[in-house]
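Asker: A structural model of the following input is requested.
(2 chains)
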Amino acid sequence: MSSSKFSKEIKLFSRMGQRAVFGIEMLKYAEMNSDLMVLTADVSIPAGLDRFRKSYPNNYLDVGIAEQNMIGIAAGLSSEGFQVFTTTYAPFQTLRCLEQIRMDIGEMKNKVCMVGLSSGIVLGMIGTMHCSMEDISIIRSIPNITIVSPADSFELTKLLEASFNYPQSLYIRLTAGSPSPIVYREDYDFKIGKSNTLLNGTDVAIIGIGSILSECISAAKILEVQGISVEVINMHTINPLDNEKLNEIAREKKLLVTVEEHSIIGGLGGSIAEVFSSFKVRPPHLIMGLPHSYENSGIYEEMLKYYELDGESIARKIFDYLEE
Amino acid sequence: MVYNLTEMSKAIRKRSIDLAFSSGNNAAHLGPGLSLVEIFTALYGYVMKISNDMTNFEDRDRLILSKEHGVLSYYAALEYIELIGENDLDTFMKSHSEFLGHPVMNRAKGIEFTSGSLGMGLSLGIGVSIALKKKKSNSKVYVILGDGECNEGSIWESVMSASMQKLDNLVVIVDRNGYQLGGKIEETLDMGDLREKFKVFGWNSVQCDGHDVNDIISKIKSNQNSDKPFALIANTIKGKGVSFAENNIEWHHSVLTKNLYKQALQDIGVVYE
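Answerer: Predicted coordinates for the structure are as follows:
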C-alpha cells in the first residue's frame, strides 16, 4: 500500500474517531473469521457496530444493559474456542462487571478482548458518571490482562490486528471523540508491549498513553523553542510495560514526565513509578494526570486545560520544574 | 458405564461426610453439600454424557456448579465416576492442593470452571450453550444454582438472557434447600415461588423431589421438545441424611468432630470402622 493511501485512510480514521473505527474494522475480521463474536451491552451504535450487527448477525450479540452477564457469556464462548470482543462505555466495561472480569477472565484465563469506549474525560459534558479515570488502575491489578490504549484511530487498527494472535486477554482503552487527534501520519511497526518513540530528544522524556499524546507532542515542540530537548514516547501498553525503554530513560534523561488522561493513582505514572523505584540511578519523575477526586466535569478541551493536560500547560509545568 | 444409583448416592453421601471430617478444624460446607447428593447422582450416574477423558471429549455434557458450596458432594461424585483419581482428594483443603474448599477449573477432572463467587455460573453456562449451538453440538449444559444464590442480581440478568437466546440445550437445577449462610431464605431475601419466577422469565420450569433420583431424572427427560431453557426446582433438605445437620444453619459451614462424624455415619446407616 502506498503512503498516500495510508495518509487518506488516516485522515478518514481521525474524522471517525476510535469508537467508530472499532466497529468498522470488526467488519473486516468477521469476514475472515467465523469464530469471531462481538458482544455489547446495548451500545451497538456508540461502538460503531450498526453495520456489523446487520451484516454479521451470527457473530454479534447484544445482551442488553447487563454487563455482568456479558462478561460471563464472553468467557463461556471463549472457553469453547471463540474469539470474543466485548464493548461498552469504559466505566461499565470495567467497574460494573469487575468481579466477573477477575474470575472469568483473570483467574480462569478465558481470553476476551474488552473494549472500553470513551475513556478518560471526553464525555465530561454529560457528567462524571460517564468519565473513566480509574479503569487502568483497577484492571491493572488483575493478573492475566494486558492493557493497551492506542494513541490514535490508526493505531487502534494496528492493535486490533495484533489482538487476534495475542495469547491473553486485553483491555483496550479508547480515548478522545471525533474527530480525534492524529499522532501517526504514516505506517509504522506496532507490537503489543513495545513502546514507540514519536519524537527524539536528549533532556527530558515524556511518556504518554492514548490520545493525550498529541498534547505531549505539542508540549515537546513548545519546549524545543525554549531550548529543552524532549523525547516523546508512546507507551501504548501499560501492562506489561516496556522495561527496556524505561531502563534507557533512567540512564540517559534528566527528567521523566508521564502524562495520562487517568487518575494519578495507579495509572501510567503509578505503573512506571513502581518499576523506576528500584533503579539505582534515575531522574526525578513528574506524574501528570487527573486528580484523585471527583470534580466538576465539562467540555473536553476546556477540561483538559482545567486539569493542565493541554500542551501549553504540560510544557509550562516541565519548564517551571527544570527552572526551580 | 451403568451405575446402581441407590448405591451411588449412598457412596457419595458417605464420601462427602468423610471429606468434611478430613478437613478437620478448617470446617467444611456439609449442609449445602448433602442437599446435592441425589442431584449429582442423577446427572453423573444417568443423565449426562461423560467420558474418562473429558478434556478431549467434545461431545461431553457440561456441568457448571455455580453454587460452589456443594463442593463436598461434587468432589465425591467426580471421584465416584473416576474423573477425580483415587488419591487426589487426600490433599482436600491442604496447601497447594488442586482441591480446595471451592472448586478450581480443572477440565481433566471434570471441573469446567472455577467457582467461588456466587451468581456467575449461569452466565458462563449461557456462553457455553451459545457456543455449542453455533458448533451444532448436541451436548447439553447443566448449571446448578443455590436458592440463596438467586439473591444475586446477575442471576436474573442471565435468566432473562437464556430465554431471549432460546437456549434449549441449557438446564438449570436450583437446589431449593431453603437456607443461605445467614439463615432461612424467607427471612433474609425471600425468593418466593422460584418455579413461577423462571416461568414468567420465559423458561420451562418444573419442581421435583431433589432427594428422589428417579424423580429428578424423569423431570429432566420430560423436557424434550421445546425451544426454551429448562429450570428444575429441586426441593431439598440442607444437610440431608445427617440428623444434627438437617435444616440447621450452623451446618452451612462447620467443624465435624470425631463424635459427630460417628453420629453422621450412623445416621446414614454406615458402620464406623
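Asker: Name every strand pairing with the lengthiest strand in chain A and say which way it goes.
Answerer: In chain A, taking DSSP state E as the definition, the longest strand is strand A:255-263. Strand A:255-263 pairs in its sheet with strand A:204-208 (parallel), strand A:285-290 (parallel), by DSSP bridges.
Asker: what's whichever helix or strand comes after it packed up against?
Answerer: Downstream of strand A:255-263, the first helix or strand assigned by DSSP states H and E is helix A:268-276. When contacts are defined as 3 or more Cβ pairs under 8 Å, 6 or more residues apart in numbering or on different chains; DSSP states H and E, helix A:268-276 packs onto helix A:135-140, strand A:204-208, strand A:237-239, helix A:243-252, strand A:255-263, strand A:285-290. The C-beta positions use only the backbone N, C-alpha and C, and glycine is treated the same way.
Asker: tell me which residues in helix A:268-276 are buried?
Answerer: Neighbour counts over helix A:268-276 (16 or more other Cβ atoms under 10 Å in any protein chain shown) mark A:268-272, A:275-276 as buried.
Asker: sec struct for A:T146, please.
Answerer: strand (DSSP: H, G, I helix; E, B strand; the rest coil).
Asker: For A:V232, grab the count of nearby residues.
Answerer: Using other Cβ atoms under 10 Å in any protein chain shown, A:V232 has 26 other residues around it.
Asker: what separates A:Y56 from A:N33, distance-wise?
Answerer: 10 Å (Cβ to Cβ, to the nearest Å).
Asker: Compare those two and say which is more crowded by neighbours.
Answerer: A:Y56 (19 against 13).
Asker: Identify the residues contacting the more buried one.
Answerer: A:27, A:30, A:38 (Cβ atoms under 8 Å, 6 or more residues apart in numbering or on different chains).
Asker: rerun that using 7 Å as the cut-off
Answerer: Contacts of A:Y56 were listed using Cβ atoms under 7 Å, 6 or more residues apart in numbering or on different chains, and they are A:A30.
Asker: Tell me how far the most centrally placed residue in chain A lies from A:C113.
Answerer: In chain A, the centroid-proximal residue (Cα atoms, centre = their mean) is A:S149; its distance is 1.6 Å. From A:S149 across to A:C113, the span is 13 Å (Cβ to Cβ).
Asker: can you give me the offset of the longest helix along chain B from its chain's centre?
Answerer: Assignment by DSSP state H gives helix B:5-22 as the longest helix of chain B. Counting by Cα atoms, centre = their mean, to the nearest Å, helix B:5-22 is centred 14 Å from the centre of its parent chain.
Asker: now the helix or strand just after that helix, how far from the centre of its chain.
Answerer: Per DSSP H and E, the first helix or strand lying C-terminal to helix B:5-22 is helix B:30-34. In terms of Cα atoms, centre = their mean, the centre of helix B:30-34 is found 10 Å from the chain centre.
Asker: and the stretch 151-273 of chain B, which of its residues are near chain A?
Answerer: Residues of the stretch 151-273 of chain B lying close to chain A by Cβ under 7 Å from any Cβ of the partner chain are B:154, B:157-158, B:161.
Asker: If we use 10 Å, what do you get?
Answerer: The stretch 151-273 of chain B comes close to chain A at residues B:152-162, B:164-165, as judged by Cβ under 10 Å from any Cβ of the partner chain.
Asker: any idea how far A:H236 lies from A:L49?
Answerer: Taking Cβ to Cβ, one finds A:H236 at 23 Å from A:L49.
Asker: Kindly apply the preceding question to A:E155 instead.
Answerer: For A:E155, the distance to A:L49 - Cβ to Cβ - is 20 Å.
Asker: do the same with A:G267
Answerer: According to Cβ to Cβ, A:G267 stands 28 Å off from A:L49.
Asker: ditto for A:S119
Answerer: Taken as Cβ to Cβ, the span from A:S119 to A:L49 is 18 Å.
Asker: Which of those two has more residues huddled nearby?
Answerer: Taking neighbours as other Cβ under 10 Å, A:S119 and A:L49 compare with A:S119 leading, 31 against 26.
Asker: This completes my enquiry, with thanks.
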